[in-house]
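In: Here is my input, please return the structure:
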Amino acid sequence: MNKKIKHNALMLLLGLPFISSAVVFQINADDRGDYFKSASPYGDATQSVSPSSQHEGEKKGENRCLHASQNTGNDTVPPVVHTDLKPAIVNDRHLFFSIESYDNGGVASLSVNQQPLKIHPGKRVFFNHLLTLNEGENMITIKAVDTRGNETQLWPVKITKKTFDLLETDNLYTVALLPLRVLAKQYISAEALYSLLLKAFDEEPKRFNFVERDRAKLEKILHEQKISNTELASPETAIKIGKIRAAEGVFFGSAEENDTGIIITLRLVDTETTQILASASVYDEDKSLKNLEWLLYGLSLKMKRQFPMVRGNITCVSRNGFFFNAGAASGIRMGMKLLLFREIKEGGFVLKEPRDAVARVIRVRPTTGFARISRKGASKIEKRDIVMTK
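Out: Predicted coordinates for the structure are as follows:
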């Protein structure tokens, strides 16, 4: 992986556009920077950088920094900081995000919530961060300081952790995991990646119901369908295998590895609509088995953050669907399936009685959505019925 490709890989996992030239954000792709990772798997390690998302009070086009201070020396340009961290409502106790900071004179220090991070100063610093969340609102603030004392502090990012009533396994979105397409294989086996990724998604709270966990059976299907390794990262292949295994969605992706690091990309495609519902990537230089386990746990958290469990209520019933009071701010995405329930009282308890209908989200606004009923049963849908993402 040359330096330009390596930089493009980082742009991918940070959610930024690829570059076609050697310069982006005043970063020269030929300047070899220092890329760093977190230390301890599954722990609160010393990592992080800053959110590039706008604060709710900002106007479009304004500086996304909370402040960028300068010293009185010759170098008055503060560090550049980017991340894939955005405001979200999550169900997991951990949050995993990737960040990058750059400064021509060198990044001297990074801090999250005013806590300094242990880094090696360099022109470009890349970090993966695993953070334990408190129940409710978590405000994450990040600051970068260069060797001349110039600093950049970005707007706080609000992450809301909500404990969710777990659905029965049969009510979870059913998926299959294709073996990853491994490029430039040197140290990492496809079998190890498959096993570690399944283990990561098994962490509570579970978001998906894997209808096929046997890699050997999937390999047999791939052989019977004459699907080669080069086709494993194709959504068409994922949809084809998903329909064979009766899965609503399929995870597919690739692992690109060389002597300097590994980048793993994962996507989730719906087999009925062919829509990509979620996509995430992780990168690290450390390819040890222990670190890969931690990295793939982070990848599973990123995917679940894009495809969260969301609950709302029907606000209005129309002829072919209904409006409900949850939207993009809660994590609702186009194409998601919704289950419906009605609260009933049994003695001193309130139970959720399933409605025999399934809906799919076709329109999303910040705080509301509209879903069309894709499978209608005998149960009548009413205002105030509960909707939950499948």
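In: Summarise which helices and strands the one helix or strand Ala216 maps to is packed against.
Out: Ala216 is part of helix 215-224, with elements assigned from DSSP states H and E. In terms of contacts (3 or more Cβ pairs under 8 Å, 6 or more residues apart in numbering; DSSP states H and E), helix 215-224 is packed against helix 190-201, helix 235-244. Glycine gets a C-beta too; all of them are placed from N, C-alpha and C.
In: just those: most buried one?
Out: Looking across the helices and strands packed on helix 215-224 with neighbours counted as mean count of other Cβ atoms under 10 Å, the highest average goes to helix 235-244: a mean of 19.
In: Tell me which other helices or strands that helix touches.
Out: So helix 235-244, by 3+ Cβ pairs under 8 Å, 6+ apart, packs with strand 173-177, helix 215-224, strand 249-258, strand 261-270.
In: So which residue is dead centre in this protein?
Out: The residue lying closest to the centre of the chain (Cα atoms, centre = their mean) is Lys302, at 2.4 Å.
In: Can you pull the phi/psi pair for that residue?
Out: phi -60, psi -40 (degrees, to the nearest 10).
In: Identify the spatial nearest neighbour of it, chain neighbours not counted.
Out: Ala280 (3.7 Å; Cβ to Cβ, 6 or more residues apart in numbering).
In: Tell me which strands the helix or strand hosting the one you found pairs with, and in which orientation.
Out: Assessed by DSSP H and E, Ala280 sits inside strand 276-284. Note on strand 276-284: by DSSP bridges, its sheet partners are strand 261-270 (antiparallel).
In: could you give the angle of the strand it pairs with to strand 173-177?
Out: Counting by axes from the mean of the first three to the mean of the last three Cα atoms, to 10 degrees, strand 261-270 lies at 140 degrees to strand 173-177.
In: Could you pull out the buried residues of strand 261-270?
Out: Gly261, Ile262, Ile263, Ile264, Thr265, Leu266, Arg267, Leu268, Val269, Asp270 (16 or more other Cβ atoms under 10 Å).
In: just the angle between that strand and strand 249-258, please?
Out: Strand 261-270 and strand 249-258 are oriented at 170 degrees to each other (the same axes, to 10 degrees).
In: tell me the mean pLDDT for strand 261-270?
Out: With pLDDT averaged residue by residue, strand 261-270 scores 95.
In: Now do it: distance to the chain's middle.
Out: The chain centroid and the centroid of strand 261-270 are separated by 10 Å under Cα atoms, centre = their mean, to the nearest Å.
In: unless I'm mixing things up, Lys123 is touching Asp103, no?
Out: Yes - Lys123 lies in contact with Asp103 (Cβ atoms under 8 Å); the separation is 6.6 Å.
In: If you count surrounding residues, which of these two has more?
Out: Each of Lys123 and Asp103 has its neighbours counted (other Cβ atoms under 10 Å); Asp103 has more, 28 against 19.
In: Could you export the helices and strands packed on helix 235-244 to TSV, including columns for distance to Lys158?
Out: Output for the helices and strands packed on helix 235-244, formatted as TSV (distance: least, Cβ to Cβ, whole Å):
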stretch	distance to Lys158
strand 173-177	26
helix 215-224	39
strand 249-258	28
strand 261-270	25
